[in-house]
Structures are given as structure tokens and as C-alpha cells.
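S.K.: Attaching a predicted model along with its sequence, questions to come.
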Amino acid sequence: MTKSKQDYLKVIYELGGNNKPVSNKDVSNILGISAPSVTEMIKKLLIDGYIESTPYKGISLTPKGLVEAMKVLRRHLLWEVFLVDHLGLNWEDVHDEAEKLEHVTSSKLEKSLDEYLNHPRFCPHGTVISYEDEEVKQNYKALNKVAIGMKVIIKRVKDKRDLLRFISTTNLNIGDEIEIVNIDNENIIIKKNKENIILIKEKAAMIFVE
Ligand SMILES: [Zn+2]
């Protein structure tokens with residue numbers, strides 16, 4: 001399977017294409033590829049049996065497509081763990097490296113890597129690493145949807161460089177317990193231990209808690 005096909009399946013999966021149809025337009029936006037090119041590739045993936053199309057609704061993954069999408073994503077996340085935990089790269093820098101490595105990883109290498117890392121359950125950003133066909137749902141709440149006074153635990157952050165860089169400048173980590181101190185039009189003030197941290201709402205929307 002080509003790198004490009006793998007990227008499409010992964011994006012369709014990340015858009016929720018395992019459970020509901022997603023539009024070509026959303027795929028085109030995320031990949032930054034023109035609509036006609038996306039349509040071309042969608043045709044190929046349909047012929048290959050990786051996706052199916054529901055008229056007027058969009059495309060979704062077939063069981064075969066799901067297996068492929070999860071495989072690519074799992075390899076991506078395993079490499080992220082390796083790069084952070086064993087090579088000491090910053091968590092904001094590993095996404096781009098993993099984007100490349102995920103496509104050149106054989107099943108054999110994936111297995112060795114997984115064993116070497118001792119079957120990690122999460123990537124450095126808190127995304128669950130799903131094995132085989134077991135799909136794990138993460139029902140976390142975005143931090144901007146939590147009420148004042150609530151105490152929550154940071155479970156996952158979106159893998160976006162500027163967000164990750166910002167979080168690195170604060171004292172926040174995955175697994176931290178925080179309290180929502182105040183919310184106004186633009187900001188959310190949270191407290192970790194005794195320290196207050198101000199987050200703009202846009203950033204808080206990309207931090208997931210439980
Ligand atoms: Zn990650």
C-alpha cells in the first residue's frame with residue numbers, strides 16, 4: 001500500500017470514518033489536497049475495498065480499511081513513544097518524524113518496537129495505542145467545557161506544535177490534577193497544586209480531561 005493511501009485511511013479514521021460517513025471536503029481540508037485529487041484517490045480506495053461510499057453522506061472505512069488505518073496510526077504512536085522516551089526528543093517535535101517512520105515500518109519491526117517499548121498504552125500526548133482490532137474509545141471532556149470549581153485530571157492533549165510548546169512552558173503534564181478556578185470570555189484559569197495557570201479558551205479546547 002502506498003504512503004498516500006495510508007495517509008488517507010488514517011485521516012478518514014481520525015475524522016471518525018469508522019462510525020459515521022465523513023465528507024470528501026473534510027478529508028481534503030485536513031490533507032491540504034485539492035478536491036479533484038481527493039476524489040481521484042477516493043475512487044481508488046473504493047476499488048481496493050478499503051472504504052465504502054454512502055450517497056449524499058460521504059465515505060467510511062470498511063473492516064479492511066479500519067485494520068489498515070489503525071495499523072498506520074499505531075505505528076505512528078509507537079514511534080512517538082520511542083522518540084520521546086528513548087531518544088529524548090521534545091513532545092512537540094515527534095509528530096513530523098513519526099509521520100515519516102509510520103510508512104516504512106513492517107509488521108515485524110512494529111512487533112519488535114512494541115515489545116522493546118513494553119507494549120505502551122498511550123503516546124506521549126495521551127492518545128490510546130490500540131492493538132489488533134480492539135478500538136479504544138476515549139470519552140474525555142475538553143477543558144473548556146468543564147465547570148468552575150471542578151477538579152479534573154489531564155488525560156490527553158492535541159498533537160499540535162504551538163499548543164505543545166506552550167504547555168511545555170507551563171508546569172502542566174499528562175496525569176496532573178487541576179482545578180478550574182475561573183472562566184471568563186477569553187481565558188480559563190486553572191490551578192495546579194498552588195499555582196494558577198491562565199489558558200486561552202482556544203488552547204483549553206485542545207486539552208482533554210476526565
Ligand atoms: Zn501523539
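M.R.: Here it is on my side, so go on. These figures come from a predicted structure and were not determined experimentally.

S.K.: what about Asn139, how many neighbours?
M.R.: 7 (other Cβ atoms under 10 Å). From N, CA and C alone the C-beta is placed, and that goes for glycine too.

S.K.: Would you verify that it is located in a strand?
M.R.: No. The assignment for Asn139 is coil, going by DSSP: H, G, I helix; E, B strand; the rest coil, so no strand is present there.

S.K.: so how many other residues sit close to Met206?
M.R.: 20.

S.K.: I'd guessed it sits against Arg161; true?
M.R.: No. Contact criterion Cβ atoms under 8 Å: Met206 and Arg161 do not qualify, at 11.5 Å.

S.K.: The ion versus Ile200, what's the distance?
M.R.: Ile200 sits 22 Å away from the ion, taking Cβ to the ion, to the nearest Å as the criterion.

S.K.: So what does that residue have for phi and psi?
M.R.: phi -70, psi 150 (degrees, to the nearest 10).

S.K.: Now do the same contact list for it.
M.R.: Applying Cβ atoms under 8 Å, 6 or more residues apart in numbering to Ile200 gives the contacts 186-188.

S.K.: which of these has the most neighbours?
M.R.: The residue in those with the most neighbours, by other Cβ under 10 Å, is Ile188 (22 neighbours).

S.K.: per-residue confidence for that residue?
M.R.: Here the pLDDT value assigned to Ile188 is 95.

S.K.: what distance separates the longest helix seen in the chain from the centre of its chain?
M.R.: Counting residues, the longest helix found in the chain (DSSP state H) is helix 63-85. Centroid separation for helix 63-85 versus its chain: 10 Å, with Cα atoms, centre = their mean, to the nearest Å.

S.K.: Next, the angle from whichever helix or strand comes after that helix to helix 63-85.
M.R.: Heading C-terminal from helix 63-85, the first helix or strand you meet, by DSSP states H and E, is helix 94-101. Relative orientation of helix 94-101 versus helix 63-85 (axes from the mean of the first three to the mean of the last three Cα atoms, to 10 degrees): 130 degrees.

S.K.: Helix 94-101 near the ion anywhere?
M.R.: No. Taking Cβ under 5 Å from the ion as the criterion, helix 94-101 and the ion are apart, separated by no less than 6.6 Å.

S.K.: and Leu172, how far is that from the ion?
M.R.: Taking Cβ to the ion, one finds Leu172 at 16 Å from the ion.

S.K.: pLDDT at that residue, what is it?
M.R.: Reported pLDDT for Leu172: 92.

S.K.: re earlier: so what does the longest helix of the chain touch, helix or strand wise?
M.R.: Packing contacts for helix 63-85, counted by 3 or more Cβ pairs under 8 Å, 6 or more residues apart in numbering; DSSP states H and E, involve helix 3-14, helix 94-101, helix 107-116.

S.K.: So for the next helix-or-strand element following the longest one, mean pLDDT?
M.R.: Yep, that's helix 3-14 we're talking about. Per DSSP H and E, the first helix or strand lying C-terminal to helix 3-14 is helix 24-31. What helix 24-31 shows for mean pLDDT is 92.
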